[in-house]
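Engineer: sequence below, structure please.
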Amino acid sequence: MYARVGVRPDGSDRRARRGYGANSRIARNAAVRRGKARGPYRIQTRPPNAVPFDVVDYLQGDRARPYTYLLGLYLGDGHIAAPNRLDIYLDARFGDLVESCLSAMRMVHPRNRAAMRHKSTGCTVVYSYAWQWRRLIPQHGPGLKHKRPILLADWQLDFVRLFPFDLLRGLLESDGSRFDRRVGGKTYPAYDFTNESADIRAIFCSVADSVGVHYTLPKPNAISIARRADVSILDAQLPIKA
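Structural biologist: Coordinates of the predicted model:
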């Protein structure tokens, strides 16, 4: 038996090593939890395909449309952090946008979980943890999106064909905007989408073509939709940031 709490037979003081001084209660609570030793901790990761998971079957029904919208948000300004956290970065000024993202993420999440945190002034991060995110969003990977290939899987393209405007909405709400431009003293509404990834811009253009929305490429990393008829199509389908 030890001579006194925290001191081993060899004279070493466990409490002192852990930085708790003479407070034996704190030392004991730090060393065990419910009678079991704490740590060391390891991040539990699932090997690829360790659990049968059919993404297409999982997304059928009510999850399909919010998933397509969430995919657009991810492509615009999201990433999957280690081990299994999906983060979507949004402009904190647009509360309705944040709520829409929260709602979509909860609908797609297996246990209807999502939360938000404030990363910095003006930025809100909507996030949730699930190992399924890596299966649902296979575009994840190390490094920046514009420095690696970003291609949609065939099963993702099937959902995009069903809900093209939901993907466009996600892309525009994360990396685009609707604004007023002045031409000849008059004001005209327009949309733009800016992204450094050529693959993601190509996805945007492909979906815009599929719904008959004309666009121009004013800059190497930008897409503009300014014709009145095309703006009207988007206005009829997409909620305006508020």
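
Engineer: any stretches of this structure with poor pLDDT?
Structural biologist: 1-51, 241-242 (pLDDT under 70).

Engineer: quick one: the strands in it?
Structural biologist: Using DSSP state E, the strands found in the chain span residues 32-33, 36-37, 78-81, 85-91, 115-120, 123-129, 176-183, 186-194, 216-219, 222-225.

Engineer: got CSV for the ones you listed, with mean neighbour count too?
Structural biologist: Where you see a C-beta, it was placed from the backbone N, CA and C, and this is true even at glycine. Compiled in CSV, the strands of the chain are given as follows (neighbours: other C-beta atoms under 10 Å):
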stretch, mean neighbour count
strand 32-33, 10
strand 36-37, 7
strand 78-81, 18
strand 85-91, 20
strand 115-120, 12
strand 123-129, 20
strand 176-183, 13
strand 186-194, 16
strand 216-219, 11
strand 222-225, 19
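
Engineer: okay, these in TSV with distance to Pro138 next?
Structural biologist: Below are the strands of the chain laid out as TSV (distance: least, C-beta to C-beta, whole Å):
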stretch	distance to Pro138
strand 32-33	37
strand 36-37	38
strand 78-81	10
strand 85-91	13
strand 115-120	24
strand 123-129	18
strand 176-183	23
strand 186-194	22
strand 216-219	28
strand 222-225	24
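
Engineer: and of those strands, who's closest to Arg106?
Structural biologist: Among these, the nearest to Arg106 by C-beta to C-beta is strand 123-129 (7.7 Å).

Engineer: what are the pairing partners of the closest one, and which direction each?
Structural biologist: Strand 123-129 pairs in its sheet with strand 85-91 (antiparallel), strand 115-120 (antiparallel), by DSSP bridges.

Engineer: just give me how far the shortest one sits from the chain centre.
Structural biologist: For strand 115-120, the distance from its own C-alpha centre to the chain's C-alpha centre is 12 Å (C-alpha atoms, centre = their mean, to the nearest Å).

Engineer: all helices for the protein, in order.
Structural biologist: Here the chain has its helices, by DSSP state H, at 14-18, 24-31, 55-59, 64-77, 95-108, 133-136, 154-162, 164-175, 198-210, 228-237.

Engineer: got the ones you listed as TSV, with distance to Lys147 and mean neighbour count columns?
Structural biologist: Putting those into TSV (distance: least, C-beta to C-beta, whole Å; neighbours: other C-beta atoms under 10 Å) gives the following:
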stretch	distance to Lys147	mean neighbour count
helix 14-18	43	14
helix 24-31	43	14
helix 55-59	26	15
helix 64-77	15	24
helix 95-108	25	19
helix 133-136	19	19
helix 154-162	21	15
helix 164-175	16	24
helix 198-210	11	18
helix 228-237	30	14
